[in-house]
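**Student:** using only what follows, build the 3D model:
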Amino acid sequence: MAILKTEAIVINKRDFRETSLLADFYTRDHGKIRGILKGIRKDPRKFASTVEPFSRNEIVFYKSRTSTLHLVSQCDVKDNFTAIRQDLNRSAAGSMIMELLDAVMPQEDKNEEVFDLTVSVLERMAAASAAEKLLIIFKIKMLALSGFKPNFDSCVSCDSRIGGGEIRFSLSLGGLLCSNCPRKDPKSRAIFRGTVASIQYIQRNDLQNTLGLGLNPQIKKELYFILDSFIAFHLGKKMKSQAVMEQLQVPAATV
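**Tutor:** The predicted structure is shown next:
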């Protein structure tokens, strides 16, 4: 077994047998991995971390050659993001970020940009930046960085630039339809130009600049609908944490 050391964000954890934990991590150097922490529940002092979801840790693990389950021998917390955990809205947003990482990112496929984006979003969320706006930004940027993004640059049917007239969004085709192609998907829905412009701005600018982007309640509502519908359609399921976010009904003024 190779012994490897890397930074890792805890996606989730669950009990395994009487004394151990199974955990999914998103790592800087190896992408998403699954590890077993033996004996941590019997003797928590064996590890310098409680392995809380969306905490950032430094882990040492033995990489198995025959299995996707690896033995984690060391897990030291670097940032527990306690401020997120203490706030219901931020905690729900953090949980959705972890669920998206788990659902979208492939096993053991390195993507440092996604890792750095996740850490940066969690750091700003812990510093009391608006959780809803950060969640929107994360969804748009993660989908782009993972190659999973919908096409908002041109018509997904004819590849022409989006000109005048009504713009529609097609879930099944994965992008915008220009005014000449609405029949390509009868189930497509009209979308505000401001929503398209907001998505394009977030895709093209760094996190710090996108935080200053104003989102009126109408565009924010449409962004949530478009992004969540696209993710659910292409994954074949609705995110569990999405239902929690919807129930919280955070006022738009917090974005």
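
**Student:** quick one: buried residues of stretch 71-90?
**Tutor:** Leu71, Val72, Gln74, Cys75, Val77, Asn80, Phe81, Ile84, Arg85, Asn89, Arg90 (16 or more other C-beta atoms under 10 Å). C-betas here are computed from N, CA, C, even on glycine.

**Student:** the fifth one and Ser55 touch, don't they?
**Tutor:** Read it as Val77. Yes. Using C-beta atoms under 8 Å, Val77 is in contact with Ser55, at 5.8 Å.

**Student:** what is in contact with the two at once?
**Tutor:** Here Val77 and Ser55 share the contacting residues Ser49, scored by C-beta atoms under 8 Å, 6 or more residues apart in numbering.

**Student:** relative to Gln218, which of the buried residues of stretch 71-90 is nearest.
**Tutor:** Asn89 (20.7 Å; C-beta to C-beta).

**Student:** check which helix or strand the nearest residue to Phe138 once chain neighbours are set aside maps to.
**Tutor:** Distance criterion C-beta to C-beta, 6 or more residues apart in numbering; nearest residue to Phe138, sequence neighbours excluded, is Val121 at 4.9 Å. When elements are assigned from DSSP states H and E, Val121 belongs to helix 112-126.

**Student:** repeat that for Ala144.
**Tutor:** helix 131-145.

**Student:** and the angle from that helix to helix 112-126?
**Tutor:** Interaxial angle, helix 131-145 versus helix 112-126 (axes from the mean of the first three to the mean of the last three C-alpha atoms, to 10 degrees): 180 degrees.

**Student:** now do the contacts for Thr19.
**Tutor:** Listed by C-beta under 8 Å, 6+ apart, the contact partners of Thr19 are Lys38, Gly39, Ile40, Arg41, Lys42.

**Student:** and Ile226, by the same measure?
**Tutor:** Residues near Ile226 by C-beta under 8 Å, 6+ apart: Pro150, Phe169, Ile191, Thr195.

**Student:** moving C-terminal of the helix or strand containing it, what's the next helix or strand?
**Tutor:** Assigned by DSSP H and E, Ile226 falls within helix 217-235. Next helix or strand after helix 217-235 toward the C-terminus (DSSP H and E): helix 240-248.
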